[in-house]
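> quick one: sequence and predicted model below, then my questions.
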Amino acid sequence: MSTVLTAPAEQVTEELRDAGQPLRDRGFRWLLFAALSVGIITLAVLLVFVFSKGMPRLTPTLWQNMPSIRFPDKAGAQSAIMGTIWVIVTTAVICLPVGVMAAIYLEEYADASKRFNRIVEINIQNLAAVPSIVYGILGLGVIARALMLGQTVITAALTLSLLVLPVVIISSREAIRAVPQSIRAGSLALGATQWQTVSRQVLPAAVPGIATGAILALSRAIGEAAPLLLLGAVTFITFNPDGLMSSYTVMPIQIYNWISQSREEFQILAAALCIILLAVLLLMNGFAIYLRNRFQRRW
Amino acid sequence: MTTTSTTAAGGPQFSLRRSSPRYGEKLIKALLMACAGVSIATTLGIIWALFVPAFQFFQTIPITDFLFGTQWSPLFADPQFGVLPLVSGTLIITGIACLVALPLGLLTAMYLSEYAADRTRRILKPVLEVLAGIPTVIFGFFALEFVTQVLLQNIWPQTEVFNALSAGLVMGVMIIPTIASLSEDAMSAVPRALREGAYALGSSKRQVTLKVVVPAALSGIVAAFVLGVSRAIGETMIVAVAAGLQPVLSLNVLGGMQTMTSFIAAAGSGDQPTGSIGYQTIFAVGALLFLMTLVMNMFSIRVVRKFREVYE
């Protein structure tokens, strides 16, 4: 009934608004719009600044050569680019299965009245807001030193996995929750077990939502530098990783290293590597938005 | 917003009494539960990693010296372990960020929730998501190279290369999307009937927004603010790049400052031998940082649970 009433009511208010809006109301509208513009203009200025500064050095040497402290004109970032690929692929392999399975448990199996499940629930919300550098301390104290994995690709990947796990869990849960109950009921009524229902009905229907969340989580991991500062990524590395136990550096850390050099050539190199990093992230973001708009079904 | 209630979706209400137990199903359930348990293990790991070395640290350095000392020079020949300069640096830069982000984030949320047409919103929200997705090291680069050198040093020539103001301003822009998107969720959840009631009494759109929607969504807005502040406190790369590394107890925002996070980053990227006092300071400062953000997060979760206006 209310839906019948709302449509005309909104039309009426729209008409009233246009009829004679006092100056104060129009001013307020402009104030809101101006506030919104600050963020967007800053984003635009940042992009223009980074692109115009880095463009001259966006040449093939940037991905063909290794970093160099003495020769900025020949320096490249190949070890950082390869390092990012190694670390992020490993992170994805670790955190996506664990995150999605945890989400399935919480949505499909967990009994919310049990204490364990309530603790998990609050715990995930808290973990999502723990500063990333604290995860670096966790990686340093537990993964690198106590588990003796050292300052390697696998340590970085495990640490980043724990860092983005709450993001993966929260977004996967939302995707799973959006699948309507009737699908589960239908499957169970036909004699399927709970796991058969989850794996053959619920999960396939939730894949687009889960994939969107996964891409956003990984794009956060790609840009993350703070925890890796504590995990050996700042070391001057001029070779590509050759395994999980290899030393490594990643793009955000290489940018940080170049910013710390005082010579202007290195600032330009940093900007050029920022362009590559931003391009990768914008592509991933765009792909996530595309997935969301193209495949997400309204039930 | 993050959901607080779990109704076990396909859960127990469908289970039928079976003649034989299905071991495969039980095994899968145990495996899934173990994955959910990883989050508990993470928290325990964080607490263990932080508080064991921090405890050793406080056996050497009295905790009162740490909390109330005004000199911070742990790696010098004559080490001083007063954390106040790092705390003040953190709070000052966070304060600047909040002056930018709280009003702008809230006004942005009002625009998106109450004023923007559907199509505008569909364009603006992804743009804000992109802003939220920019790596913080790039924000730091922007703060150092553009905000400081192009803007601030032209306005106030005495601005130092590394200064708190540029880091705080850029950090503020960084957390606008967090605050805007969480506040907008809270405002969109306010039922239409409340707005219509106010319109029927002759309110303008501005009055409805400010006097009906914002008060009704207040708990969500407060939670968004608290979460934004906690993100600012924990942010590392912007301050590590743009705010400098001098731990000074001062109010001069045009000069450099060190925060808790940038100290951890600087001390942790050098190679401190395990067990040395320099190594332990990382964990002591980390424990303080963790406790500060934890208190804020718990507060924010509480506020949402306790004071949420429940509408039919």
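Ah, there it is.

> could you use CA atoms for every contact and neighbour count after this?
Fine.

> where do the strands sit along the stretch 201-312 of chain B?
In the stretch 201-312 of chain B, no segments count as strands under DSSP state E, counting those that start in this stretch.

> okay, now the unreliable bits of it?
Along the stretch 201-312 of chain B, segments meeting pLDDT under 70 span B:271, B:308-312.

> near chain A, which residues of it?
B:204-206, B:227, B:230-231, B:234-237, B:241, B:261, B:264-265, B:268-269, B:283, B:286, B:290, B:293-294, B:297-298 (CA under 8 Å from any CA of the partner chain).

> so is the helix or strand where residue B:109 lies next to chain A?
Take DSSP states H and E as the rule and residue B:109 turns out to sit in helix B:84-110. Yes: judged by CA under 8 Å from any CA, helix B:84-110 comes into contact with chain A at B:104-105, B:107-108, B:110.

> and residue B:161, its phi and psi?
phi -60, psi -50 (degrees, to the nearest 10).

> contact partners for it?
B:144, B:148-149, B:242, B:256 (CA atoms under 8 Å, 6 or more residues apart in numbering or on different chains).

> let's see that with 7 Å instead.
The contact partners of residue B:161, by CA atoms under 7 Å, 6 or more residues apart in numbering or on different chains, come to residue B:148.

> give me the pLDDT for the residue in the stretch 1-150 of chain A that chain B sits nearest to.
Taking CA to the nearest CA as the measure, the stretch 1-150 of chain A has residue A:102 as its residue closest to chain B, at 4.2 Å. Here, the pLDDT recorded for residue A:102 equals 96.

> name the nearest residue to it, ignoring sequence neighbours.
residue B:36 (4.2 Å; CA to CA, 6 or more residues apart in numbering or on different chains).

> with residue A:260 instead?
residue B:241 (7.6 Å).

> residue B:138 is in contact with that neighbour, correct?
No: if you go by CA atoms under 7 Å, residue B:241 and residue B:138 don't touch, sitting 9.5 Å apart.

> gap between residue A:190 and residue A:196?
According to CA to CA, to the nearest Å, residue A:190 stands 11 Å off from residue A:196.

> looking at those two, which is more packed in?
Counted by other CA atoms under 10 Å in any protein chain shown, residue A:190 and residue A:196 do not tie: residue A:196 has more neighbours, with 14 against 9.

> which residues touch the more buried one?
Residue A:196 neighbours (CA under 7 Å, 6+ apart): none.

> in terms of helices and strands, where is it?
Assigned by DSSP H and E, residue A:196 falls in helix A:194-197.

> which of the residues in that helix are buried?
Neighbour counts over helix A:194-197 (16 or more other CA atoms under 10 Å in any protein chain shown) mark A:194-195, A:197 as buried.

> let's have the residues you listed in JSON lines, adding pLDDT and distance to residue A:173.
What follows is the buried residues of helix A:194-197, written out as JSON lines (pLDDT from 0 to 100; distance: CA to CA, whole Å):
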{"residue": "A:194", "pLDDT": "92", "distance to residue A:173": "17"}
{"residue": "A:195", "pLDDT": "93", "distance to residue A:173": "16"}
{"residue": "A:197", "pLDDT": "95", "distance to residue A:173": "16"}
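
> please go through the residues you listed and note which also touch chain B.
residue A:195 (CA under 7 Å from any CA of the partner chain).

> closest to residue B:127 out of the buried residues of helix A:194-197?
residue A:197 (37.5 Å; CA to CA).

> I'd assumed residue A:183 was in contact with the closest one.
No: Residue A:197 lies out of contact with residue A:183 (CA under 7 Å); the separation is 8.7 Å.

> which parts of the chain are helices?
All of this refers to chain A. A:2-19, A:23-54, A:61-64, A:78-104, A:115-128, A:132-138, A:153-177, A:181-189, A:194-197, A:203-223, A:226-229, A:251-260, A:264-295 (DSSP state H).

> hmm, no, I was thinking of chain B.
B:23-60, B:63-68, B:84-110, B:118-133, B:136-142, B:153-155, B:164-188, B:192-200, B:205-208, B:214-216, B:218-234, B:237-242, B:260-269, B:277-307.

> pull out the buried residues from the first one.
Okay, so that is helix B:23-60. B:29, B:31-40, B:42-43, B:45-46, B:49-51, B:53-58.

> check the fourth one too.
Neighbour counts over helix B:118-133 (16+ other CA under 10 Å) mark B:124, B:127-133 as buried.

> likewise the last one?
Buried residues in helix B:277-307, counting neighbours by 16+ other CA under 10 Å, are found at B:277-290, B:293-294, B:296-301, B:303-304.

> do the third one as well
Judged by neighbour count (16+ other CA under 10 Å), helix B:84-110 contains these buried residues: B:84-98, B:100-110.

> and the helix holding residue B:109, how far out from the chain's middle?
Helix B:84-110 has its C-alpha centroid displaced from the chain centroid by 10 Å (CA atoms, centre = their mean, to the nearest Å).

> kindly report the residues of the stretch 101-250 of chain A close to chain B.
A:101-102, A:105, A:107-112, A:120, A:123-124, A:126, A:129-131, A:133-134, A:138, A:141-142, A:184, A:195, A:220, A:223-224, A:226, A:229-230, A:232, A:234.

> now residue A:175: closest residue in space, sequence neighbours ignored.
Residue A:175's closest residue in space is residue A:209 (CA to CA, 6+ apart), at 4.9 Å.

> and the gap between the one you found and residue A:104?
13 Å.

> same check on residue A:64?
For residue A:64 relative to residue A:104 (CA to CA), the value is 43 Å.

> look at the two and report which has more neighbours.
residue A:104 (27 against 14).

> for residue B:296, see how far away that one is.
29 Å.

> now residue B:79
31 Å.

> count of residues packed around the closest residue to residue B:126 other than its chain neighbours?
Distances taken as CA to CA, 6+ apart put residue A:289 closest to residue B:126, at 7.7 Å, once the chain neighbours are dropped. As a burial measure, residue A:289 scores 16 neighbours (other CA under 10 Å).

> quick check: pLDDT value at residue B:137.
96.

> how about the spatially closest residue to it that is not a sequence neighbour, what does it touch?
Spatial nearest neighbour of residue B:137, excluding adjacent residues (CA to CA, 6+ apart): residue B:237 at 5.2 Å. Counting by CA under 7 Å, 6+ apart, residue B:237 touches A:226, B:136-137, B:140.
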